[in-house]
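A.B. asks: here is the input, now give the coordinates:
(chains A, B, C and D)
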4 protein chains.
Amino acid sequence: MVFYMSRTRTITWHDPMEGAKEAMQMDGIDYLQAMSDEKFSMPPLLHTLDFTVTLIEKGNVVFEFVPQEFHYNPIGTVHGGIISAILDSAMGCSVHSLLPAGKGYSTLELKVNFLKAITIKTGKLKTMGKVINLGGRTALVEAQLVDENNTIYAHAVSTCLILNF
Amino acid sequence: MVFYMSRTRTITWHDPMEGAKEAMQMDGIDYLQAMSDEKFSMPPLLHTLDFTVTLIEKGNVVFEFVPQEFHYNPIGTVHGGIISAILDSAMGCSVHSLLPAGKGYSTLELKVNFLKAITIKTGKLKTMGKVINLGGRTALVEAQLVDENNTIYAHAVSTCLILNF
Amino acid sequence: MVFYMSRTRTITWHDPMEGAKEAMQMDGIDYLQAMSDEKFSMPPLLHTLDFTVTLIEKGNVVFEFVPQEFHYNPIGTVHGGIISAILDSAMGCSVHSLLPAGKGYSTLELKVNFLKAITIKTGKLKTMGKVINLGGRTALVEAQLVDENNTIYAHAVSTCLILNF
Amino acid sequence: MVFYMSRTRTITWHDPMEGAKEAMQMDGIDYLQAMSDEKFSMPPLLHTLDFTVTLIEKGNVVFEFVPQEFHYNPIGTVHGGIISAILDSAMGCSVHSLLPAGKGYSTLELKVNFLKAITIKTGKLKTMGKVINLGGRTALVEAQLVDENNTIYAHAVSTCLILNF
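C.D. replies: Okay, the predicted model is just below:
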C-alpha cells in the first residue's frame, strides 16, 4: 500500500445574488467594469476555479487562468469542463458587454473543440470572446484558448438568447 | 456600504497522476470500478466541483451533484461550465467503460444545450452517458442532465478520439 | 483523353410560396398532412434532392431517400450536405408538427455527426426527428439516419427558435 | 382549385468515381486545381445544387452560389441543408488543399448557425473555409457565408478526420 500525500485548498466567495439585481439596471459593460472594480463581488465559480478577468471592453472580455492540479481529470490533464467553463465565461461576458440596461442573456448552447492537452506545465492561458453576430433575439460568439505564444488549445462557439427584463 | 458575509469551503485531493499509469493496463470498466472502490483516488476536479459517481456499468456511467453556491455564475444560477463538466465526465467515462486495456480516449469536441436554469432549489441532478456509436477511431456519446422527477436541464453530445497506448 | 458518359436528370417543382401563407393559419400537423396529401406542393428542395416524407405524427416526422449519384461528393460518397439536409428536414418538421396555428419555427443551429460513409450500395435510408424539449422560445430536437437494418449513418441535434406570427 | 405553374430544371454530371483514384496520388491543392481546370469533372452535388468554386489557394477555397427557387424549403427561404452543403464543401476543400499526396480527409462533424434568412432577392453568396488547426489526426475548420456587402448569413465549424491512404 502506497501512501499518497493529500493536497488542500480553501476558497472564499460572497453571496452570489448581491449583484444580480443591479445587473439588470446597468449597461452590461458598466456592470462588468463594476464587478472588476470590486464594487460587486466576482461570481463564486471564478473563485472555485481560480479564473481572473483581465480586460473588459465592448465586445471583448478576456479571462485567464493558470492550470493547477485541482483542475485535473483522471488522466493527468486539465478537465474539459474547466476549459468549457472559461470559454463560456469569456463568450457570455463579451455578449453582455454589448447589451444595454434592461437586457440580459442566457447561454443557449455551447460547442467546444479540444485541440491540445493542457497540464500544469502549459502555464497561463487566456481567452477573449468575439461576438460574430448580435441580433434581436440571439447572439453568436466565439472564443479561443491560447497560451502566451498564441498556441491554440481549444476553440468554442456559443449561441446566447437575448432577454428583455 | 453593505457588509456581505463571506463563505468558505476547503477541498482535498490526491496526486492526480497516481492512477494514470495503471489506467492504461486495465480494461476501462475495471479501472473505473477500482476508482469508485477507492483503490485509486478520484480525479481532483470531482473534489473541486463536488461531483459523485453513483453507477458504473459498461456503456453507462452515472454522475450526480447537488447544486451549491460555489457553482454559481454572476446571475445567480449554476454556471454553464459546471453543467458542461458533469456531462463531459459522464460521457467520457461511459466511452472509457467500453474500452479494453491498451486503449484510451480523449474528448475531441463537446456540444451542450442548456434547457432550464439550475439553482440550489433544484436539488440533486444526475446524468448518464449513452454511447451512440463506438468505432475504431472515434466514439459518439450523448447525455442528459435530469432531476429526480426526470425533468431535463441540459443535453449534450460529444465526439471522442479512441487512442492506442 | 478518356471519354466519360454524361448523366442527366430533370426535376420539377411548384411555386414555393404557394403554401407559405396558409401554413401560418394552420396547426403544424395539419399543414404537414395537407402537404403530404398534395393539397399543397412539396417544397422545391425535396424534389431537387429526391427526398420523400413517409410518416407524419405529432413530434415524429419521417423522411426517406435512396442515395443516388447526383448526391455525391468528389470522393464517391453521399455529400455531407445531403445528409445534413434530410436530418434538418426531419427535425424541423417534427418541431413544426407540435406547433399550433399562429406559431412557426426557424432552425437556429444544426450539429451533425457523420458516422459511416453512404454510397448507392447503401440503399434506402430514413430519419425520424425526435423532439427532446419544446419550450416557449426554443426547441431542441435530434434525429438519426438509419438504413433498413437500423445501422446508424449519421446523428444530429438542432436548436429551433419558436416564432409568433 | 388554383392552377400553379410547374418549373423544371435539368442537371448534367459525370461519373463521380472518375477522379477519386487520382485524388489519392496528388497533393490536395493540385487535385482541386485540376478539378477546377476541368481535367477532372466537378462532383455531382455541385451540379445538383449549382455551386461554383471561384478560388483555390492553400487553406482557402471559395465556393459561391446564387439562391434559386429549387433551393427552397416550404417557408419560402433557402433550405438549411443547402447552406450546410456549401459551408461543408468550402471547409472540406480548404482542409484538403493543405494535405499532401497519400492523405485524405472525411468530415467527422459539422455545426452550422443560421443567422439570417436567404431568398432569391439576397443575390450571390460566397464562403471561404479557414483552417483553425491542422493536427496529425484531425483538423478544425470554420467558414462564414456572406453576401457581396459582407453581411453574414451563416457560420460553421467542422472537425475533419485526417486519413492515410
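A.B. asks: residue A:20 against residue B:75, yeah?
C.D. replies: Yes. With contacts counted by Cβ atoms under 8 Å, residue A:20 reaches residue B:75, the gap being 5.4 Å. Just so you know, the C-beta spots here come from the backbone N, C-alpha and C atoms, and that holds for glycine as well.
A.B. asks: near chain D, which residues of chain A are found?
C.D. replies: A:111, A:113, A:115, A:132, A:133, A:135, A:140, A:144, A:152, A:155, A:157, A:159 (Cβ under 8 Å from any Cβ of the partner chain).
A.B. asks: swap the cut-off to 6 Å and go again
C.D. replies: The interface of chain A toward chain D, taken as Cβ under 6 Å from any Cβ of the partner chain, is made up of A:111, A:113, A:115, A:132, A:133, A:140, A:152, A:155, A:157.
A.B. asks: tell me which element the second one falls in.
C.D. replies: Using DSSP states H and E, residue A:113 maps to strand A:103-114.
A.B. asks: next SSE downstream of that strand?
C.D. replies: Helices and strands here follow DSSP H and E; after strand A:103-114, the next one along the chain is strand A:125-134.
A.B. asks: show me which residues of stretch A:13-24 are buried.
C.D. replies: For stretch A:13-24, burial by neighbour count (16 or more other Cβ atoms under 10 Å in any protein chain shown) applies to A:13, A:14, A:15, A:16, A:19, A:20, A:23.
A.B. asks: report the angle between the lengthiest helix in chain A and strand B:103-114.
C.D. replies: For chain A, the helix with the greatest residue count under DSSP state H is helix A:80-96. Interaxial angle, helix A:80-96 versus strand B:103-114 (axes from the mean of the first three to the mean of the last three Cα atoms, to 10 degrees): 30 degrees.
A.B. asks: what packs against helix A:80-96?
C.D. replies: strand A:60-65, strand A:103-114, strand A:125-134, strand A:138-146, strand A:152-164, helix B:80-96 (3 or more Cβ pairs under 6 Å, 6 or more residues apart in numbering or on different chains; DSSP states H and E).
A.B. asks: helix or strand for residue A:11, which one?
C.D. replies: Using DSSP H and E, residue A:11 falls in strand A:6-14.
A.B. asks: hang on, I meant residue A:23
C.D. replies: Assigned by DSSP H and E, residue A:23 falls within helix A:20-24.
A.B. asks: check which element follows that helix along the chain.
C.D. replies: Moving toward the C-terminus from helix A:20-24, the next helix or strand (DSSP H and E) is helix A:28-36.
A.B. asks: residues in a beta bridge with residue A:143, which ones?
C.D. replies: Residue A:143 forms beta bridges with residue A:129, residue A:156, as assigned by DSSP bridges.
A.B. asks: ugh, typo on my part, it should be residue A:65
C.D. replies: Beta-bridge partners of residue A:65, counted by DSSP bridges, are residue A:125.
A.B. asks: please tell me how far it sits from residue A:126.
C.D. replies: 8 Å (Cβ to Cβ, to the nearest Å).
A.B. asks: higher neighbour count, these two?
C.D. replies: More crowded of residue A:65 and residue A:126, by other Cβ atoms under 10 Å in any protein chain shown: residue A:65, with 23 against 20.
A.B. asks: find the nearest non-adjacent residue to residue A:142, please.
C.D. replies: Among residues not flanking residue A:142 along the chain, residue A:157 sits closest, at 4.8 Å (Cβ to Cβ, 6 or more residues apart in numbering or on different chains).
A.B. asks: how about the residues of chain A by chain B?
C.D. replies: Neighbours of chain B within chain A, by Cβ under 6 Å from any Cβ: A:4, A:6-18, A:20, A:43-45, A:48, A:69-70, A:72-76, A:79-81, A:84-85, A:88, A:107, A:109-114.
A.B. asks: residue A:122 contacts residue A:67, doesn't it?
C.D. replies: Yes. Contact criterion Cβ atoms under 6 Å: residue A:122 and residue A:67 qualify, at 5.4 Å.
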